[in-house]
Each structure stands twice: as C-alpha cells, then as structure tokens.
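Visitor: sequence? don't have it. structure:
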C-alpha cells in the first residue's frame, strides 16, 4: 500500500511515496495482465502497440502525433487531467514520426502512462476540492521535457516516479533479473 507524504514541491498537499520494489511489482503486474489479456501469453519485448493500448485501457485518450511546440522545443509528452473525463496523453509528433526514435517514443508513452496511472488520483482530488479553479493554464498538466524524462532528479518526485515507471514497464525486474542470471550463470 502506498504511503502518502508531504509534497515539498507545492503541487499537491500530499504525494505518494513508493519504494522502488512497489513500483517494480505494480508495473510488472500491469504489463503481465495486459499481455495475457491481449495475447494469452506474456512475451517480451512489449510491442509499441501494446503500450498505446495500456494507456487507452486506463481511460485515457492518446494523441501520438501532437504538436507540442507551444510548450517548448524540449517537451516530448503532456498529460492533461480533466474534472469530467479521463486524461489526455499527447506525444510529440517529432518523436512519433521518426523511426530512428522508436525507443524514445516508447519511453515517452510509458512515462506518460506513469502520470495517468500513478498520479491521476492527485489531480482528481484537486478537481474535487476546486483547488485548480484559480490556477494557471498548465495547472492540470504533467509536462514532460526530454531532460526530465531521462534524468529527473529525485527531488522532482513526479517526473522521477514517471521515469522509473517507464523503465519498470519496459524492463520488468523479474524478467530482467532472469535474463542477467541466465547470461551470467555459464560464465
């Protein structure tokens, strides 16, 4: 069970505190369930199509080819939260349209999914209390810049968690440990 602690960034009154193992376990469960549901078996790597379905299965709308330039040149993903419907995930067309950036696209999809699944309840609480009514135009958004997706400091807990979640979905801990063990055992 996640523990709530004070949010020192000021975004929320409280924020979820996850142990790495908790995130690993939950992400592995989510991917396992998705693959079993869609394919009847768990097989890696997870396809990009499966990652888009994961987002949509959690009541989020996905725009994989969004023009996010008005947020800045380094913004690769934005998740908007709404009081009356599920979130909208937008991925920059710059990475979605470039075949050479397929891995970047996949990490951005899973990063934004982290916001949807693990941080959405925080925005829902703000909407329920009316706390977002007097805030700026980006108060209901998680705006993910390239540097924060790749190297978010732990002090930026929301981006750090979403980044960790991205890795945990794409490289589930149990499977990764087994791969490393199988590789190292004969050596």
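Guide: Great, that's in hand. The structure displayed is predicted, hence computed values, not measured ones. Numbers count the residues shown, from 1 in each chain.
Visitor: Spatially central residue in the chain, please.
Guide: Nearest to the mean C-alpha position of the chain, counting by Cα atoms, centre = their mean, stands residue 114 at 2.3 Å.
Visitor: my guess is that residue meets residue 160, correct?
Guide: No. Under the criterion of Cβ atoms under 8 Å, residue 114 makes no contact with residue 160, lying 10.0 Å away. For the C-beta atoms, the positions are set from N, CA and C on the backbone; glycine is no exception.
Visitor: Return the residues in contact with residue 146.
Guide: Applying Cβ atoms under 8 Å, 6 or more residues apart in numbering to residue 146 gives the contacts 74, 75, 76.
Visitor: What's the PyMOL syntax to select whichever of those are buried?
Guide: Selection of buried members from those for PyMOL, criterion 16 or more other Cβ atoms under 10 Å:
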select buried, resi 75+76
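Visitor: Without its sequence neighbours, what residue ends up closest to residue 158?
Guide: Sequence neighbours aside, residue 119 is the residue nearest to residue 158 in space, at 6.0 Å (criterion: Cβ to Cβ, 6 or more residues apart in numbering).
Visitor: wait, isn't that neighbour in contact with residue 159?
Guide: No. Between residue 119 and residue 159 there is no contact under Cβ under 8 Å: 10.1 Å.
Visitor: circling back to that earlier point, what number of residues lie near the residue nearest to residue 158?
Guide: 23 (other Cβ atoms under 10 Å).
Visitor: Pretty sure it sits in a helix.
Guide: Yes. Counting by DSSP: H, G, I helix; E, B strand; the rest coil, residue 119 is located in a helix.
Visitor: how much space between it and residue 94?
Guide: Distance, residue 119 to residue 94, using Cβ to Cβ, to the nearest Å: 24 Å.
Visitor: Next, count neighbours for residue 42.
Guide: Neighbours around residue 42, by other Cβ under 10 Å: 15.
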